[in-house]
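>>> A structural model of the following input is requested.
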Amino acid sequence: MKQVIAMHGWGCNNTIWKQWKIKFQNKGWLWQSGERGYGTISTFKPNWHKETFQASSNRKAIICHSLGAHLIEKEILQKATDVVFISSFSRFIPNTASNRTLKIALKSMKSLIGTDQEEAMVRKFLQKACSPKQIEDSILNSSRDVYSAEGKNKLRLDLDLLIATNKLPNGFPKKARVLVIQGKNDLIVIPATRTALKEDLQKHLKSSTTYWDIPNSGHDLFTIDLIDRVKNWLEQS
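Numbering: from 1, shown residues only. Prediction:
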């Protein structure tokens, strides 16, 4: 049995995986899109289906965008055979000179949630996430939702989580195959943060990690051609 659990990042919803779900399901994968529930889509916590086939053929893949890796429950993550990080991180704020600046920026974002400046703040974030693409053409922008009161509280809590990240997510499997995909022009996950992820994976994993650096791309990596590349990588034995 081949299964995928996918998780979106901060401020978005699970519609970012729409095309991914279609393509994977067409190839026989069971797909579940986790949902944090910031807006009109209800919260959904996925779980693995019980295996019905020979253990050697079972695949449990996690695909996460950005903060999504830290929103997957430990019990789910630790059973994964494969993990795909898309514009993700272990420690969002690296131990460098940029530490203080990033913390101030994130705390400022948190303070604007629920105010008349919230919309401008979110749009500025999406513009950085979509760069160098135009925001109007971005799948990430189309996943923007109308935040509920409960959702706004989750946005605040998840910014606190973002600030507090200092390692790989709890339950990260040591024996998993790992693919890290980063946009070379990512304005959200800075180079020092990407380096920290490489270092943390190298220390943690039993085997080497596969890295794809995508040229002329930023934090938003939801291109159609990438779906087939990821699917093919996951289907490698």
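>>> centroid residue for the protein?
Here the mean C-alpha position of the chain is nearest to the C-alpha of His65 (C-alpha atoms, centre = their mean), at a distance of 1.6 Å.
>>> Any regions of this structure where pLDDT drops low?
For the chain, the stretches flagged by pLDDT under 70 are 52-57, 237.
>>> Can you show me the strands along it?
With DSSP state E applied, the chain shows strands at 2-7, 30-33, 59-65, 82-86, 177-183, 210-214, listed in chain order.
>>> Now those in CSV, please, with extra columns for distance to Val230.
Glycine gets a C-beta too; all of them are placed from N, C-alpha and C. Formatted as CSV, these follow (distance: least, C-beta to C-beta, whole Å):
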stretch, distance to Val230
strand 2-7, 10
strand 30-33, 12
strand 59-65, 7
strand 82-86, 6
strand 177-183, 7
strand 210-214, 9
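>>> Out of these, which gets nearest to Asp220?
Within the strands of the chain, the stretch nearest Asp220 is strand 177-183; the backing value is 7.7 Å (C-beta to C-beta).
>>> The closest one packs against which elements?
Using 3 or more C-beta pairs under 8 Å, 6 or more residues apart in numbering; DSSP states H and E, the elements in contact with strand 177-183 are strand 82-86, helix 191-204, strand 210-214, helix 224-234.
>>> same for the third one, what does it pack against?
The one in question is strand 210-214. If contacts are counted by 3+ C-beta pairs under 8 Å, 6+ apart, strand 210-214 sits against strand 177-183, helix 224-234.
>>> report the angle between the axes of the last one and strand 210-214?
Think helix 224-234. Using axes from the mean of the first three to the mean of the last three C-alpha atoms, to 10 degrees, the inter-axis angle of helix 224-234 relative to strand 210-214 is 170 degrees.
>>> who touches helix 224-234?
The contact list for helix 224-234, computed with C-beta atoms under 8 Å, 6 or more residues apart in numbering, reads 4, 19-20, 23-24, 27, 29, 59, 61, 63, 82, 84, 179, 181, 210, 212, 214.
>>> about what we covered before: for the residue nearest to the centre of the chain, name its beta-bridge partners.
In this structure, His65 has the following beta-bridge partners (DSSP bridges): Ile86.
>>> and it, what is it in contact with?
Under the criterion of C-beta under 8 Å, 6+ apart, the contact partners of His65 comprise Met7, His8, Gly9, Cys12, Ile16, Ile86, Ser87, Ser88, Leu221, Phe222.
>>> what's the burial count for the second one?
Which is His8. As a burial measure, the neighbour count of His8 was computed by other C-beta atoms under 10 Å and equals 24.
>>> just Asp186 next, same as before
Residue neighbour count, defined by other C-beta under 10 Å, stands at 23 for Asp186.
>>> so it touches Ser87, yeah?
Yes: using C-beta atoms under 8 Å, Asp186 is in contact with Ser87, at 5.9 Å.
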